[in-house]
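[1] mind folding the following:
(2 chains)
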Protein chains: 2
Amino acid sequence: MSELRHNLITGDWVVIATDRAKKPNEFKSHRSPEEREPKHRSNCPFCPGNEKETAAESDRFGDDSGWQVRVVQNRYPALSPTGELIRSGDRLFRTVSGVGFHEVIIEHPHHDVTLANLPIEDVANILRMYRQRYAKIRADSRVAAIVVYKNHGKESGASIAHPHSQLMATPIVPPQIRQRAREAIRFFDETGECLFCHTLADELAAGDRVVIESDRFVAFVPRAALFPFQVWIFPRRHTSSFDEITEDEAIDLAATLKTVLAKLDNGLQNPAYNYVIRSIPTGDRATAYFHWYVDIIPRLGIAAGFELGSGMFVNSTLPEENAAFLRAV
Amino acid sequence: MSELRHNLITGDWVVIATDRAKKPNEFKSHRSPEEREPKHRSNCPFCPGNEKETAAESDRFGDDSGWQVRVVQNRYPALSPTGELIRSGDRLFRTVSGVGFHEVIIEHPHHDVTLANLPIEDVANILRMYRQRYAKIRADSRVAAIVVYKNHGKESGASIAHPHSQLMATPIVPPQIRQRAREAIRFFDETGECLFCHTLADELAAGDRVVIESDRFVAFVPRAALFPFQVWIFPRRHTSSFDEITEDEAIDLAATLKTVLAKLDNGLQNPAYNYVIRSIPTGDRATAYFHWYVDIIPRLGIAAGFELGSGMFVNSTLPEENAAFLRAV
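    Residues are numbered from 1 along each chain as shown, chains lettered A, B, ... in the order given. You can find the predicted model right below:
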């Protein structure tokens, strides 16, 4: 019989197919061989030499002779940085003007690299840019929350092959972020502890779902993972907002993230994935209850009618087996 | 500038790209031509003659000489009808045994039909079977909620071409169902009205998002539609649970559902879609605040990192334009 597990951090329930779980190699067979990209593509808007093809540049590491990381406005922005924050409507129908930021972080000048095969220092540079943009944009009073995310591979929603991440800064607190904060507050009020610190201690004590641990971060498959091979990376130090990350932590996270992504690439034949940095709403900063983290979601299946219609998930794999597999890669 | 709209029924926020919305014909081009299925496939487990290929049959309309609709256990069930409901764990980690029902409703003996091209009476038969299974399964005290849904086309998660729907009965109330109930209760307590009845009156008064209306049902694109061409079908009569549907309503809903699906097929070149019947948890039945409905979600895009990481949606179309387009098909 399968087992339903409750995810205390997200508030979700997931059906874990404990008795007829798929084995990791069942996922491999679904992957088509990766098309090899060249180091430079003359028609890629994110490749050096084509800087005028992108929308306005908002930041870069590097100078006129070249750049390491470059941030530009999304050419098809969901939210726009110019304009007033206007809330209108009534109890029955509320609207908010689409102000905010929708930026693209071009991670590297080379077209063919991935976070899994870049040097740690280059990955750290990308994280430093996330932090710099995060810190800058949170100062805008129209912004209520910042989501930094990456789409990698076609099934993740990525449309351009050149390695890039995105940042969306919204004028309202997205419901999922508020929901997680609410669960964390409830736990804190009941126990006096940070739910995330508690989960981390719990996972380290159990051990069987830990993928790798470093001085400053722990990567593990959550006990009630919503998706096969989902990995969470938690900082050991309790901080609520991603932009509080220190230089030492950025370098450590770069190594941890690179290693986890390389394990997914090698173990599951380069799956598409998303990752998201989950942080507290920007109106809050240092709280006892919230703890930022990185959420990595390989895109190995399709959400069907049951998932769309219930908000529940069916995970056809065992989190403990996922973790053992990734440890061994 | 885009506009954020709040969906009062789901509690979600959606970014509507009001100024650079995609036009309906931009979606057509993404569709590959439908592979024509035969009326009967000798190797299809759902085709007549192969009844022994399915798991146990739990219901049928028809007799030994043939069937019109047939219900079988899912061969790879997420939940199992045998076993005890056991809740275990503590505040920190709760589990529930995977008891419940996971059934497949084989909609018709013919392999090549769709709800859009079946006679109304045949569609009504499918709805009658939903009602019959719903009423039967809700009597099981281990069941907390029932989700009836359909996956149509590859991008919806469907794996078998023969027309079928599914029913999942869960031993816990899925969070999304509870969340909708909670929003509805809050509205009722504030206003003394059913949120769904109110929305229906509102949509009928506005008119510009209505797709079709009949004596007993109204199909419309919600003002804060989360997805392009999402359509809700609301019964005019206030009832909380789907199994309260009358015979007249079943026939009317069959005609309405068939018409909406035919409009999607013809207007958007047979898109993949899911639909879900959203009903109250089975422990409740007749309430003033909840109102069942059908939610149709064409699968025209991919949820990417922003959606996964925020629970917000970006709808690149205008609900009002979607409705005008579907009315005209």
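[2] next, name the residue at the spatial heart of chain A.
    A:V276 (1.5 Å; CA atoms, centre = their mean).
[3] mind listing the residues bridging to it?
    Beta-bridge pairing of A:V276 under DSSP bridges involves A:Y149, A:D295.
[4] got the contact list for it?
    Counting by CB atoms under 8 Å, 6 or more residues apart in numbering or on different chains, A:V276 makes contact with A:V147, A:V148, A:Y149, A:V294, A:D295, A:I297, B:G305, B:L308, B:G309. No exception for glycine: its C-beta is placed from N, CA and C like everyone else's.
[5] now the helices for the stretch 1-150 of chain A?
    In chain order, the stretch 1-150 of chain A shows helices spanning A:24-28, A:120-138, with DSSP state H, counting those that start in this stretch as the criterion.
[6] let me know which of those helices is tucked in deepest.
    helix A:120-138 (a mean of 19; mean count of other CB atoms under 10 Å in any protein chain shown).
[7] quick one: it near chain B?
    No - using CB under 8 Å from any CB of the partner chain, helix A:120-138 stays clear of chain B, with a minimum separation of 13.0 Å.
[8] who are the packing partners of that helix?
    Using 3 or more CB pairs under 8 Å, 6 or more residues apart in numbering or on different chains; DSSP states H and E as the contact definition, the elements that helix A:120-138 packs against are strand A:57-63, strand A:66-73, strand A:101-106, strand A:145-152, strand A:164-170, helix A:247-268.
[9] closest one to A:S2 among the ones you listed?
    Each of these was scored for nearness to A:S2 using CB to CB, and the closest is helix A:247-268 (22.6 Å).
[10] for the closest one, name the packing helices and strands.
    Using 3+ CB pairs under 8 Å, 6+ apart, helix A:247-268 sits against helix A:24-28, helix A:120-138, strand A:210-213, strand A:217-220, strand A:231-235, strand A:273-278, strand A:293-298, helix A:319-328.
[11] CSV for these, including mean pLDDT?
    CSV is the format used below for these (pLDDT from 0 to 100):
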stretch, mean pLDDT
helix A:24-28, 72
helix A:120-138, 98
strand A:210-213, 98
strand A:217-220, 98
strand A:231-235, 98
strand A:273-278, 98
strand A:293-298, 98
helix A:319-328, 96
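[12] relative to B:R133, which of these is closest?
    Among these, helix A:24-28 comes nearest to B:R133, with 30.8 Å by CB to CB.
[13] for the closest one, which outside residues touch it?
    The contact list for helix A:24-28, computed with CB under 8 Å, 6+ apart, reads A:P228, A:F229, A:G267, A:L268, A:Q269, A:P271, A:L300, A:T317, A:E321, A:N322, A:F325.
[14] can we see that at 7 Å?
    If you take CB atoms under 7 Å, 6 or more residues apart in numbering or on different chains as the criterion, helix A:24-28 is touched by A:P228, A:G267, A:L268, A:Q269, A:L300, A:F325.
[15] kindly report the same for stretch A:91-101.
    So stretch A:91-101 is contacted by A:79-81, A:83-89, A:137, A:142-143, A:167-172, B:1-6, B:8, B:15, B:223 (CB under 7 Å, 6+ apart).
[16] average model confidence for that stretch?
    Stretch A:91-101 shows a mean pLDDT of 91 in the predicted model.
[17] what are the phi and psi values at the nearest residue to A:L118 once chain neighbours are set aside?
    Leaving aside its sequence neighbours, A:L118 sits nearest to A:H108 (CB to CB, 6 or more residues apart in numbering or on different chains; 6.5 Å). Torsion angles at A:H108 (phi, psi; degrees, to the nearest 10) stand at phi -160, psi 150.
[18] list the contacts for A:H108?
    Taking CB under 7 Å, 6+ apart, we find A:H108 in contact with A:L118, A:D122, A:P163.
[19] and the last one, how far from chain B?
    From A:P163 across to chain B, the span is 14 Å (CB to the nearest CB, to the nearest Å).
[20] likewise A:L226?
    Taking CB to the nearest CB, one finds A:L226 at 10 Å from chain B.
[21] surely that residue touches A:V15?
    No - judged on CB atoms under 7 Å, A:L226 makes no contact with A:V15 at a distance of 10.2 Å.
[22] neighbour count for those two, which is higher?
    Taking neighbours as other CB atoms under 10 Å in any protein chain shown, A:L226 and A:V15 compare with A:V15 leading, 26 against 20.
[23] which pLDDT value does the model give the more buried one?
    pLDDT, read off for A:V15, is 94.
[24] A:R20 too?
    pLDDT at A:R20 comes out at 65.
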